[in-house]
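Engineer: What follows is a protein structure lacking sequence information:
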Ligand code: 1QQ
């Protein structure tokens with residue numbers, strides 16, 4: 001009786017042993033703190049898809065001989081408090097070799113000092129505040145281009161097309177990213193000789209922007225320039241159109257989500273936004289990535305792509321240093337050079353910020369289209 005019950009098990013075990021010679025593999029954990037809930041949730045969902053695609057791809061390729069990557073993805077809830085709790089878990093409990101994230105610059109200002117103190121490499125894949133991220137210390141690195149690397153060029157490209165002379169500016173005054181974006185916009189407009197005819201603010205919980213927009217539109221600006229996360233951005237765009245504004249609107253990185261188009265609908269047509277990802281790039285690394293995501297049934301945005309590249313960069317650092325430890329990843333970052341990625345050839349600057357070419361896109365026919 002006992003024999004007959006065990007026999008099928010033994011047969012299955014024998015079959016498994018035969019089917020998978022299973023080379024010894026070390027599991028290496030990469031942590032990610034992403035905004036899966038809260039005001040930045042639209043970005044977090046895309047980032048998660050990018051990380052999982054990269055981990056699967058790298059494991060399948062076998063390029064990290066003897067190493068199997070495992071992503072430990074946690075929700076930072078778009079807040080500093082939850083971000084801190086997640087970082088502590090990833091650093092002390094999961095013992096990850098690197099942390100990707102957190103989604104928001106605002107959260108990063110609170111979490112990244114913990115990683116710096118613990119000696120855990122961080123790769124920011126969506127933080128775009130120029131200051132207060134990589135300058136936290138030598139364990140903090142960044143793939144995402146900053147607003148300073150993207151907005152001045154986007155404004156110039158837009159001006160070359162549209163020829164605006166005056167601007168109305170609207171920004172969130174309760175977030176590290178929206179404030180930093182505003183200060184980049186202000187200096188870029190000044191440098192271009194564009195006159196700012198009005199500046200208004202809002203906060204993340206706000207849903208009605210009619211007072212601010214009415215004040216700005218009363219000044220008849222040629223363009224509206226907005227620094228906002230996507231939930232606020234969608235409402236601002238929709239309400240500006242409801243108030244009869246038909247002119248151009250240029251947004252910062254917060255606008256870089258298809259959620260803007262889904263939420264604002266037709267009102268989003270003509271919105272301009274600088275981007276780190278030229279999705280129509282014909283470079284092989286981009287074409288391969290686009291095909292991979294298509295095969296996975298996922299429509300990627302810039303945030304998905306940057307998160308994908310974050311994992312690529314960590315894997316490349318392990319390959320270059322020959323180590324899959326925290327110190328090994330950091331040492332490898334110093335050697336990453338012209339890595340072919342869907343964002344273009346990627347290298348780090350001496351400031352540990354990312355370096356590759358940005359692009360400009362405009363919403364047309366319900367889609368972000370690269371401006372040529
Ligand atoms: C930041 C950003 C947000 C818009 C995206 C996550 O760029 O917080 O820095």
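Structural biologist: Everything's here; your move. Since this is a predicted model, take the numbers as computed values, not measurements.
Engineer: Helices of this structure, start to end?
Structural biologist: Ranges of helices within the chain are 2-19, 41-61, 80-88, 105-118, 147-162, 176-192, 210-217, 230-242, 258-264, 284-295, 302-321, 326-333, based on DSSP state H.
Engineer: Could you name the helices and strands sitting against the second one?
Structural biologist: Same thing as helix 41-61. Helix 41-61 makes packing contacts with strand 26-34, strand 67-75, helix 230-242, helix 284-295, helix 302-321 when contacts are defined by 3 or more C-beta pairs under 8 Å, 6 or more residues apart in numbering; DSSP states H and E. Just so you know, the C-beta spots here come from the backbone N, C-alpha and C atoms, and that holds for glycine as well.
Engineer: quick one, phi psi at the residue nearest the centre of the chain?
Structural biologist: If you average the C-alpha coordinates of the chain and look for the closest C-alpha using C-alpha atoms, centre = their mean, you land on residue 126, 2.9 Å from that point. Here the main-chain torsion angles of residue 126 (degrees, to the nearest 10) amount to phi -150, psi 0.
Engineer: Quick one: residues contacting it.
Structural biologist: 43, 47, 101, 103-104, 144, 253, 303, 306-307 (C-beta atoms under 8 Å, 6 or more residues apart in numbering).
Engineer: how does it look with 7 Å?
Structural biologist: The neighbourhood of residue 126, defined by C-beta atoms under 7 Å, 6 or more residues apart in numbering, consists of 43, 47, 103, 144, 303, 306.
Engineer: Over to residue 248?
Structural biologist: Residue 248 makes contact with 158, 162, 164, 223, 270, 272 under the criterion C-beta under 7 Å, 6+ apart.
Engineer: Around the ligand, which positions in this structure sit nearby?
Structural biologist: Those residues of the chain that sit near the ligand, judged by C-beta under 6 Å from any ligand atom, are 40, 43, 103-106, 126-129, 177, 229, 253-254.
Engineer: From those residues, pick the one nearest residue 54.
Structural biologist: Using C-beta to C-beta, residue 126 comes nearest to residue 54 of the residues of the chain next to the ligand, at 14.8 Å.
Engineer: The helices of the chain: which one's closest to residue 135?
Structural biologist: helix 105-118 (10.0 Å).
Engineer: Show residues contacting that closest one.
Structural biologist: Applying C-beta under 7 Å, 6+ apart, the set of residues contacting helix 105-118 from outside is 33, 76, 79-80, 83-84, 87-88, 91, 99, 102, 122, 124, 127-129, 132-133, 136-137, 139-140, 175-177, 180.
Engineer: ok, now with 6 Å
Structural biologist: Residues outside helix 105-118 that contact it (C-beta atoms under 6 Å, 6 or more residues apart in numbering): 76, 80, 83-84, 87, 91, 99, 102, 122, 127, 129, 132-133, 136-137, 139-140, 175-177.
Engineer: Adding mean neighbour count and mean pLDDT, write the helices of the chain out as TSV.
Structural biologist: Written out in TSV, the entries for these read as follows (neighbours: other C-beta atoms under 10 Å; pLDDT from 0 to 100):
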stretch	mean neighbour count	mean pLDDT
helix 2-19	9	56
helix 41-61	21	98
helix 80-88	20	98
helix 105-118	22	98
helix 147-162	19	97
helix 176-192	21	98
helix 210-217	16	98
helix 230-242	22	98
helix 258-264	20	97
helix 284-295	15	98
helix 302-321	26	98
helix 326-333	20	98
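Engineer: farthest pair in the contacts of residue 248?
Structural biologist: It's 164 and 270 that sit farthest apart of the contacts of residue 248, by C-beta to C-beta, at 12.8 Å.
Engineer: which of those two has more neighbours?
Structural biologist: Each of residue 164 and residue 270 has its neighbours counted (other C-beta atoms under 10 Å); residue 164 has more, 21 against 17.
Engineer: if we can go back for a sec, in the residues of the chain next to the ligand, find the pair that's most separated.
Structural biologist: Pairwise distances across the residues of the chain next to the ligand peak at 14.5 Å for 43 and 129 (criterion: C-beta to C-beta).
Engineer: hang on, the earlier thing: format the residues of the chain next to the ligand as a markdown table; extra columns: distance to residue 201.
Structural biologist: Conversion of the residues of the chain next to the ligand to a markdown table gives the following (distance: C-beta to C-beta, whole Å):
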| residue | distance to residue 201 |
| --- | --- |
| 40 | 19 |
| 43 | 22 |
| 103 | 22 |
| 104 | 18 |
| 105 | 17 |
| 106 | 16 |
| 126 | 23 |
| 127 | 21 |
| 128 | 19 |
| 129 | 17 |
| 177 | 14 |
| 229 | 14 |
| 253 | 18 |
| 254 | 15 |
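Engineer: just to revisit the earlier point, dump the helices of the chain to CSV, plus distance to residue 363.
Structural biologist: Formatted as CSV, the helices of the chain follow (distance: least, C-beta to C-beta, whole Å):
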stretch, distance to residue 363
helix 2-19, 51
helix 41-61, 16
helix 80-88, 31
helix 105-118, 24
helix 147-162, 13
helix 176-192, 18
helix 210-217, 19
helix 230-242, 9
helix 258-264, 6
helix 284-295, 20
helix 302-321, 14
helix 326-333, 35
